[in-house]
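Q: Fold the following.
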Amino acid sequence: MSDQFVYTTPHDPRAKPLLDQLTWEYVTRYGSYFGDPPGAEMTRYPAELFAPPDGNFLLLLRNGRAVAGGAFKRHDARTAELKRIWTDTALRRQGLARRVTVELEAQAGRQGYDRIHLTTGFRQPEAKALYLSLGYTPLFDVAVDPEIYKILAFEKALSATSAASKPAPHVRVQRSAA
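A: Numbers count the residues shown, from 1 in each chain. Below is the predicted model:
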């Protein structure tokens, strides 16, 4: 098994299966709950926001196939906002989203950010648990029914060590022009 992080764009054909799964997940979990057409979240931000110098888009490839991914964009001058963290539905519970999140944090630090902001929907308890386990501070009361908030916001300060961290030795990182 050979895993590799690749920084690329949302237009990379390798990202399409993951983004299609994520769109389907939004459609089936939320439909038009937020007043937008089902799946509208996936077209809310242009791909250019997920490109350097202000953002980045990451795929985790396993033997050349995208198995997880995510992105960040500028939230403010000091803060990156994580978006689109997703794991192939057939490969859940392997820590892939955790690996993607940690790598995105490190890349955000390398690009000059010192904080991370993110939001997830109230019908995504897996995401909520992931971010809490990674030390994110919830900007909501975790003891309250999450549907009251609808959108669950988190933040995290990037330490100097995480900002300068390197990927695990068994994971290669490359840039793709896709």
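Q: Would you mark the buried spots in stretch 26-40?
A: By neighbour count, with 16 or more other CB atoms under 10 Å as the criterion, the buried positions of stretch 26-40 are 26, 27, 30, 38, 39. C-betas here are computed from N, CA, C, even on glycine.
Q: Starting from the longest strand seen in the chain, tell me which strands it pairs with and how they run.
A: In terms of residue count, the longest strand belonging to the chain (DSSP state E) is strand 65-76. Strands adjacent to strand 65-76 in the sheet, as given by DSSP bridges, are strand 56-62 (antiparallel), strand 79-87 (antiparallel).
Q: what sits up against that strand?
A: Around strand 65-76, the neighbours that count as contacts under CB atoms under 8 Å, 6 or more residues apart in numbering are 3, 10, 14-15, 17-18, 45, 49-50, 54-61, 80-88, 91, 96-97, 99-101, 104, 107-108, 116-117.
Q: out of these, which are buried?
A: If we count by 16+ other CB under 10 Å, those have these buried: 3, 10, 14-15, 18, 45, 49-50, 54-61, 80-88, 96-97, 99-101, 104, 107-108, 116-117.
Q: Tell me which of the buried residues of stretch 26-40 fall in helices.
A: Secondary structure from DSSP state H places 26, 27, 30 of these in helices.
Q: Check whether the first one really touches residue 38, as I assumed.
A: This points to residue 26. Yes. Using CB atoms under 8 Å, residue 26 is in contact with residue 38, at 7.2 Å.
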